[in-house]
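Undergrad: Task: produce atomic coordinates for the following.
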Amino acid sequence: MRDKFIMTGFKNQLRHCVIYCLVLWGMLLITGCSPPSVDERIQSELPGRAPDFVVPRAAILATSDGEGLGTFSDGVLLAYEALNRAGIPTRICDRTILADSSRLGDYSIIIASTLFGYHDADQRFSLTFMDDDQLKLLNDWIFDGGVLVAGENFGRNSREGHDRLVDSAELNSETWLLGDAIGVTLTEQNLEGFELSLQADSTETKIWRTKAKYLLTKPEWLLAPSARVDTTRVRVLGSWKNLDRKIPAVWESSWGSGRMFYFSDFRLLHPNLDGGLSSPDEIENFYRYLAARVFPLDERSTIEQISVSPWYRGHTAVLAVTLNATGEEESFERTISSLLEDAPALTLFTSHPETVARRLPADLLQRVEIASLSKSDQQLSHLEPQRARELIHWPPSTAVSIRGFRFPRLARARSIFEYLDLAGYAYDSSLPVNHQDYYAGSLYPVNLMLTDQGGSTELKLLEMGPIFRDDWSFYEKAPSDRIQAAAMYRDFLLEAWSGVFLPRNGLMVQIGDPQFEGESEATLEPVKVLINTALADNGWVTNLATVADFWKMRETVTVSLWRTDNKVQILVSGGEQDIAGLTLKVAVSADWSMERLEAALNGTVQMESDRLLNLISNSGNRSFYSLHD
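TA: Residues are numbered from 1 along each chain as shown. Below you'll find the predicted structure:
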C-alpha cells in the first residue's frame, strides 16, 4: 500500500511539474521573462496573514553546577534531551532572559525549576527571587501563548529578599503577578502525613508508572492551593492525599492563549537515581505529553503533530569518529586511511595542526576535520591569559580552519572556555558522556554555561562530549593480548551505540588514538564495525564541525503553519542560514496518502511510514510545503 501511495504521488507531482514547465516555457516565449525564483514562488504561496502556529522553541533556565565549568544537573539534561527528542529545539539559558522581552519572545516554552543544582541558592541565581516587573513580563508572555513549567516557591520572594507571603497570608493575583496564570490561590500548609499520589488524569496520559511517589513523614510546609480548584481552567495531574483529603500537587492551568504547569515538588521532574522522585522514562513521558499539548490542531485534523527532527535528513542518530593525533607516522596514517574506507569523514584533534595538515595526503585531508588538542593538562585552572591563548592557538591558524577543541583527560579551564567562545570556536569535545554505568553528560550538543561568584555566562560554544572510555582503556591495559582487548572494545562500542545512543537518537562521539587502535587491522576492526553498524542503522556518520553547524541552525530556524481551505501550509525559514537537511516529522492520520501533497518548494517529501512524513529542506534559506488536511 505504501508503495502504491508513493508511486501515485510521484505520478501526480510529475504531471504537475510537466504542466508547469509547459506553461512556463510558453510564457517565456511570449514575454521573454525569466522564470520566477524559488523564493518568489514561495512568497506567492504564503497567506497574507500571520501564521496560525509557530513550532515552539524551549528554554531551560539553569546555571552550571559543580565547579561551574559547563556541567549541568541530571534533571536539566533529561529535560534538554527529552524536549529535543520530542522535536522542540531547546537551549539552556540563564535567568536574565526573564528581564528581556525580546529574548523571551524567541521561546514558546520555559522550564524553570527552583531546585538546588539547577540554580545556586544565592539570590543572584535563584528563581525564588523575582521582581514584579519580571513576573508581569512572564504573566503577559503566558497570556499571549507561552507555556511555563515552574516549581515550588517560584517567584515567591522579591529580588531584595522580601517574602510576599508576609504581606498576605496567600499568593493570589493581587499579591503575586502570576496568580492569574497559575489558576489557584496558594497558601503555605503543613502537609505532614500526606502522600504524593498521581491520580487518574496522569495515569491516562501515561506520564508516571508508579502512582504513589512520596510520603511526608515529618512537618513539611509547602505552597498548595487553599480552595477547590476551577476545573474549567485547571487539570490536576497529581495530588497530596491523606485519608479522604486531597490537595492538588501538580496541575496544568490555562491563561489566555497559554498555560502553566506547576509542581509543588519539582523533584517529580528530577531522576530518582539522583535524589528525585521519577525515573528517566517518566520524566521523558512528561515532556512528550507537554510537546503534544502545545500542538494546537484539533482532533478532526489529519495532520496530528509537527516536530523538528534532531538530525540531518531525519537520521536516527549520529556517530562522530574522532582521533587524538598520537603515535608514529606509520600507524597515524594507517589509522586515518583505514577508517576513511568506511567513514565519510572524521575529526582529528592535534596540538600541531599545521604539521598534521602537511603530513596528510590531499585526498585524506579533504575528508578530515582538524581540531585543536590542548598541549598540557598541568594547572589549567590557573592559566595566565597569554598561556590560554597559546593552548588554543589564538588566533586560529590561517592555514587550517580550526573550529573545535579538546582538553586532555577531564581537565578544564575557565579562561580557555572563555577564549574559545570569544574566538568563535564552534564546539568543545571534552566532557565525557556515560549513560551505561550512570547518568552523566548530554546525548545531544548542548551550549556551555560558566558560573562563578560574579554571575553566570551563557556561551555560544557547544559541548559535544565523547563517550567515557576510549581505546586506551582496553589496549593499554592488555598489551599482551590485542585480540581479546579488541573484542572487548568492539562489544563496548556496539553496546553503547545500540543500547544508549541509537534508541535515544543521540550523538555518539567515539574517541581513539592511532598509537593504540592504529597498531593493526585487528585493533582497528572494532571502530570499523561500529561505523558500518551506524550506517546500517540510518545513522549520520560525519565530523563534529558539521554536527555543530547543523545543530546551531536547527536551534534558530522558524517553522510557521497556516490552516486554510482544508490545507496545512508550512514555511521553514532559516533567516540568513542554509537549512539544507532540516527535517520536519509530520504525524498524519491513517487515511492520509501522498496524493494529498499539493506542493513542495525547495524541499522533498518522504513517507517514512503509513503515519509519518519527512519534509526535508533543500539547500537555501526557505522551504515551503502545502498538504491537504
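Undergrad: Tell me where the stretch 151-300 of the chain has strands.
TA: Chain-ordered strands for the stretch 151-300 of the chain, with DSSP state E, counting those that start in this stretch as the definition, fall at 186-190, 195-197, 212-215, 221-225, 234-242, 245-255, 258-263.
Undergrad: Next, the buried residues of the fourth one.
TA: Okay, so that is strand 221-225. Using 16 or more other Cβ atoms under 10 Å as the test for burial, strand 221-225 gives Leu222, Leu223, Ala224, Pro225. Where C-beta positions appear, they are placed from N, C-alpha and C, glycine not excepted.
Undergrad: Centroid-nearest residue for the chain?
TA: Residue closest to the average C-alpha location in the chain (Cα atoms, centre = their mean): Asn84, at 3.7 Å.
Undergrad: Turn the strands of the stretch 151-300 of the chain into a markdown table, including mean pLDDT.
TA: Formatted as a markdown table, the strands of the stretch 151-300 of the chain follow (pLDDT from 0 to 100):
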| stretch | mean pLDDT |
| --- | --- |
| strand 186-190 | 93 |
| strand 195-197 | 92 |
| strand 212-215 | 88 |
| strand 221-225 | 92 |
| strand 234-242 | 91 |
| strand 245-255 | 92 |
| strand 258-263 | 95 |
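Undergrad: Torsion angles phi and psi at Val446?
TA: phi -140, psi 140 (degrees, to the nearest 10).
Undergrad: circling back: sec struct for the residue nearest to the centre of the chain, please.
TA: Asn84 carries the three-state label helix when classified by DSSP: H, G, I helix; E, B strand; the rest coil.
Undergrad: show me the contacts for it.
TA: Counting by Cβ atoms under 8 Å, 6 or more residues apart in numbering, Asn84 makes contact with Thr90, Pro310, Tyr444.
Undergrad: ditto for Ser430
TA: Contacts of Ser430 by Cβ under 8 Å, 6+ apart are Phe405, Arg406, Phe407, Leu410, Ala411, Arg412, Glu463, Gly465, Pro466.
Undergrad: Then Arg334?
TA: Pro514, Gly518 are the contacts of Arg334 under Cβ under 8 Å, 6+ apart.
Undergrad: That one in helix, strand or coil?
TA: Assignment for Arg334 (three-state DSSP): helix.
Undergrad: Give me the distance between it and Asn532.
TA: Separation of Arg334 from Asn532 (Cβ to Cβ, to the nearest Å): 19 Å.
Undergrad: One more: Tyr427?
TA: In terms of Cβ to Cβ, Tyr427 sits 26 Å off from Asn532.
Undergrad: More neighbours: which of these two?
TA: More neighbours surround Tyr427 than the other of Tyr427 and Asn532, with 27 against 14 (other Cβ atoms under 10 Å).
Undergrad: Would you check that that one makes contact with Thr546?
TA: No - using Cβ atoms under 8 Å, Tyr427 is not in contact with Thr546; the gap is 10.7 Å.
Undergrad: what about burial for the contacts of Ser430, which qualify?
TA: Counted by 16+ other Cβ under 10 Å, the contacts of Ser430 give Phe405, Arg406, Phe407, Arg412, Glu463, Gly465, Pro466 as buried.
Undergrad: before we move on, what SS does the closest residue to the third one other than its chain neighbours have?
TA: Pointing back at Phe407 there. Nearest residue to Phe407, sequence neighbours excluded (Cβ to Cβ, 6 or more residues apart in numbering): Ser430, at 4.1 Å. Recorded secondary structure, Ser430: coil (three-state DSSP).
Undergrad: Quick check, pLDDT for Ser430.
TA: Per-residue pLDDT puts Ser430 at 93.
Undergrad: Which parts of the stretch 151-300 of the chain are helices?
TA: In the stretch 151-300 of the chain, the helices defined using DSSP state H, counting those that start in this stretch lie at 179-182, 200-204, 280-293.
Undergrad: can those helices go into a markdown table with extra columns for distance to Ala345, mean neighbour count and mean pLDDT?
TA: Converted to a markdown table, the helices of the stretch 151-300 of the chain look like this (distance: least, Cβ to Cβ, whole Å; neighbours: other Cβ atoms under 10 Å; pLDDT from 0 to 100):
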| stretch | distance to Ala345 | mean neighbour count | mean pLDDT |
| --- | --- | --- | --- |
| helix 179-182 | 48 | 22 | 91 |
| helix 200-204 | 45 | 14 | 56 |
| helix 280-293 | 31 | 20 | 92 |
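Undergrad: So which of the contacts of Asn84 are in strands?
TA: Mapping those onto strands (DSSP state E) picks out Thr90.
Undergrad: Now flag whichever of the contacts of Asn84 is closest to His270.
TA: Each of the contacts of Asn84 was checked against His270 using Cβ to Cβ; the closest is Thr90, at 17.2 Å.
Undergrad: Next one, pLDDT for that closest one please.
TA: 97.
Undergrad: now do Leu69
TA: Leu69 is given a pLDDT of 85.
Undergrad: Kindly state the beta-bridge partners for it.
TA: Beta-bridge pairing for Leu69 (DSSP bridges): Leu450.
Undergrad: That one contacts Ser415, doesn't it?
TA: No - with contacts counted by Cβ under 8 Å, Leu69 stays clear of Ser415, the gap being 10.8 Å.
Undergrad: ok, Ala343 - contacts?
TA: Ala343 touches Val321, Ile531, Val541, counting by Cβ under 8 Å, 6+ apart.
Undergrad: Much appreciated, bye for now.
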